[in-house]
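Student: how would this look folded up:
(one chain, ligands or ions: 1)
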Amino acid sequence: MKILVLNCGSSSIKFQLIETDSDMIESDTDRCIAKGGVERIGTDEATLKVVVPPNPPVSTTEEILDHQTALTRAIATLKEHHAFADISQIQAVGHRVLHGGERFSAPVIIDQDVEEGIQQCIELGPLHNPHNLRGYYVARKVMPLVPQVAVFDTAFHQSMPPQAYIYGLPYSYYRRYHIRRYGFHGTSHRYVAFRYRKIFKKQREEANLITVHLGNGCSITAIEKGLCVDTSMGLTPQEGLLMGTRCGDIDSAALLYLMSKDELTVHDMSILLNKFSGLYGISGESNDMRELQAAEKKGDAQAKLAIDVFCYRIKKYIGSYIAALGHVDGLVFTGGIGENSPPIRAQACDGLSELGIQLDPARNAAVVGKESEISVAGSRVKVMVIPTNEELLIARDTFRVVRGLPNPH
Ligand code: ADP
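Tutor: Numbering: from 1, shown residues only. Coordinates of the predicted model:
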């Protein structure tokens, strides 16, 4: 089955065309036929990039004023480059949807009821859900007969027990406004956990895992027997680890103090916390880990401080999730930084040998962007690098839901 996976943002659409006939993560037969994206939608300088392997990438800059035109152009370009012979070969569309609230704990076919459910979650995910929905509306127009499936970033974390998701606020706010921890990056955490079990030939019940996703956004998840029992992101993707431009955990009273000191509005604070904090805020120069590492090498003290805070926070979370799980079999790094930066992995795991985590320096240094173990032989906790592949999991989820197969996860 050829499945178009869509991730729709305010001015962008990312897509992959994946051929899969499997609902199983263990399958090795899936194939990414093509991928690409449209950026700066709404301008006369929108860029459309498409890669249809083994051909080189193609890219155009043109006026694309809305998402429907963007998708239509993307599909036409895919056809032009022989990703498929006819649009009717696309048999389903899988949409990445950020927030599924408490209602969605698994992927679903989008019908009117589901559409309303996603709309209701806009309050919880105001920056993403409207655009994810727009992706659905546009795809429905372009491919009216094709089933569309929503795969939620929050769904995997719905197995958390109340002790992990209830905040210490008056309980009425949970009842009235559904304020609680939801967690994000669920598809990524789920994917690498499956890969781990596949590599070590374990059943779900046989592996307790800590998965660390370090990209522009960063989060960490404790997985007990295949189920998420805790995760670092919260009501929004703000909480937890230090990120590219988000501050992660902070004393909530510090925010009130800052608001009153500088007379900042809610909007000001939202921008400050989302765009100007984290690695960027501390270093004062970049949210890009590669740039910070280069600056640190040249003796830049602020860059070093940003990296130190970043790694220390990860280490603290790993320790706390070992406590939450009691017994841990594997620790998995993924995401742009987790997959590609041996020094960050080494610093985050430094001093954890008492807790069973011992990296092999040579192994770790050799692993960049590929699947491999990086712990010493016999380490109590196996430490792995596993490149994430959220699109593949969205395609498999979509296949399964469209075929009406049971949820194996
Ligand atoms: P997103 O969350 O937007 O998908 P990615 O997962 O691509 O982002 O991660 C982006 C981050 O990965 C950036 O901070 C980038 O600097 C970092 N990164 C990518 N390659 C490397 C590398 N070789 N060494 C260190 N950091 C890297």
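Student: What about this protein, which residue is the most distant from its middle?
Tutor: In the chain, residue 261 marks the outermost C-alpha relative to the chain mean, sitting 34.7 Å out by Cα atoms, centre = their mean.
Student: Then that one would be within a strand, right?
Tutor: No - counting by DSSP: H, G, I helix; E, B strand; the rest coil, residue 261 is not found in a strand; it is helix.
Student: Run through the helices of the stretch 301-409 of the chain in chain order.
Tutor: For the stretch 301-409 of the chain, the helices defined by DSSP state H, counting those that start in this stretch cover 301-325, 335-340, 342-349, 361-366, 390-403.
Student: is the ligand contacted by the last one?
Tutor: What it means is helix 390-403. No - judged by Cβ under 6 Å from any ligand atom, helix 390-403 stays clear of the ligand, getting no closer than 9.0 Å. The C-beta positions use only the backbone N, C-alpha and C, and glycine is treated the same way.
Student: Sort out which residues of that helix are buried, please.
Tutor: Within helix 390-403, the residues scored as buried using 16 or more other Cβ atoms under 10 Å are 390-402.
Student: can you check the third one too?
Tutor: Under the neighbour-count criterion of 16+ other Cβ under 10 Å, helix 342-349 has 342, 344-345, 347-349 buried.
Student: before we move on, what about the fourth one?
Tutor: By neighbour count with 16+ other Cβ under 10 Å, helix 361-366 contains the buried residues 363-364.
Student: need the contact list for the residue of the stretch 201-350 of the chain at minimum distance from the ligand.
Tutor: Residue nearest to the ligand within the stretch 201-350 of the chain (Cβ to the nearest ligand atom): residue 336, separated by 2.1 Å. Applying Cβ atoms under 8 Å, 6 or more residues apart in numbering to residue 336 gives the contacts 214-216, 289.
Student: run the last query once more with 10 Å
Tutor: Applying Cβ atoms under 10 Å, 6 or more residues apart in numbering to residue 336 gives the contacts 213-216, 218, 244, 288-290, 369, 387-388.
Student: before we move on, what about residue 80?
Tutor: Residues counted as contacts of residue 80 (Cβ under 10 Å, 6+ apart) are 50, 52, 58.
Student: now those: which count as buried?
Tutor: Taking 16+ other Cβ under 10 Å as the criterion, what is buried in the contacts of residue 80 is 50, 52.
Student: Just give me the closest of the contacts of residue 80 to residue 142.
Tutor: Nearest to residue 142 among the contacts of residue 80: residue 50, at 16.0 Å, using Cβ to Cβ.
Student: Dihedrals phi and psi, that closest one?
Tutor: Main-chain torsions, residue 50, degrees, to the nearest 10: phi -140, psi 140.
Student: Name the residues of this protein found near the ligand, please.
Tutor: Counting by Cβ under 6 Å from any ligand atom, the chain sits next to the ligand at 215-217, 244, 288-290, 335-337, 340-341.
Student: Please repeat the previous calculation with a cut-off of 5 Å.
Tutor: 215-216, 288-290, 335-337, 340-341 (Cβ under 5 Å from any ligand atom).
Student: Sort those by pLDDT and name the bottom one.
Tutor: On pLDDT alone, residue 216 ranks lowest of the residues of the chain next to the ligand, at 93.
Student: Check for me that that residue belongs to a strand.
Tutor: No - Residue 216: not assigned to a strand; according to three-state DSSP it is coil.
Student: quick one, what contacts it?
Tutor: Residue 216 is in contact with 243-246, 278-279, 287-289, 335-337, counting by Cβ under 10 Å, 6+ apart.
Student: What of residue 203?
Tutor: 197, 225-226.
Student: separation between it and residue 231?
Tutor: 22 Å (Cβ to Cβ, to the nearest Å).
Student: again, but for residue 125
Tutor: Going from residue 125 to residue 231 by Cβ to Cβ gives 16 Å.
Student: the more surrounded of the two?
Tutor: Regarding residue 125 and residue 231, a neighbour count based on other Cβ atoms under 10 Å identifies residue 231 as having more, with 30 against 25.
Student: Can you identify each of the helices in the stretch 51-200 of the chain by residue range?
Tutor: Using DSSP H, counting those that start in this stretch, the helices found in the stretch 51-200 of the chain span residues 67-80, 112-120, 129-142, 162-165, 171-177, 186-199.
Student: May I see those organised as JSON lines, with mean pLDDT added?
Tutor: Below are the helices of the stretch 51-200 of the chain laid out as JSON lines (pLDDT from 0 to 100):
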{"stretch": "helix 67-80", "mean pLDDT": "94"}
{"stretch": "helix 112-120", "mean pLDDT": "96"}
{"stretch": "helix 129-142", "mean pLDDT": "94"}
{"stretch": "helix 162-165", "mean pLDDT": "98"}
{"stretch": "helix 171-177", "mean pLDDT": "97"}
{"stretch": "helix 186-199", "mean pLDDT": "96"}
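Student: Give me the mean pLDDT for stretch 257-269.
Tutor: Taken as a whole, stretch 257-269 has a mean pLDDT of 97.
Student: one step back: is it possible to mark the buried ones in the contacts of residue 203?
Tutor: Buried members of the contacts of residue 203, counted by 16+ other Cβ under 10 Å: 197, 226.
Student: Looking at the helices of the stretch 51-200 of the chain, which is nearest to residue 302?
Tutor: Judging the helices of the stretch 51-200 of the chain by Cβ to Cβ, what sits closest to residue 302 is helix 186-199, at 29.4 Å.
Student: for the stretch 301-409 of the chain, which spans come out with low pLDDT?
Tutor: The stretch 301-409 of the chain contains residues with pLDDT under 70 at 408-409.
Student: Compare the residues of the chain next to the ligand and tell me which has the most neighbours.
Tutor: residue 337 (25 neighbours).
Student: Spatially, what comes nearest to residue 159 if we skip its sequence neighbours?
Tutor: Using Cβ to Cβ, 6 or more residues apart in numbering and skipping residues adjacent in sequence, the residue nearest residue 159 is residue 227, 4.1 Å away.
Student: Next, the contact list for that neighbour, please.
Tutor: By Cβ under 10 Å, 6+ apart, the residues touching residue 227 are 156-161, 193, 204-205, 409.
Student: quick one: pLDDT of it?
Tutor: 97.
Student: Would you list the phi and psi of it?
Tutor: According to degrees, to the nearest 10, residue 227 has phi -110, psi 140.
Student: For the remainder of this discussion, apply numbering that starts at 885.
Tutor: With the count now opening at 885, the last piece we talked about shows up as residue 1111.
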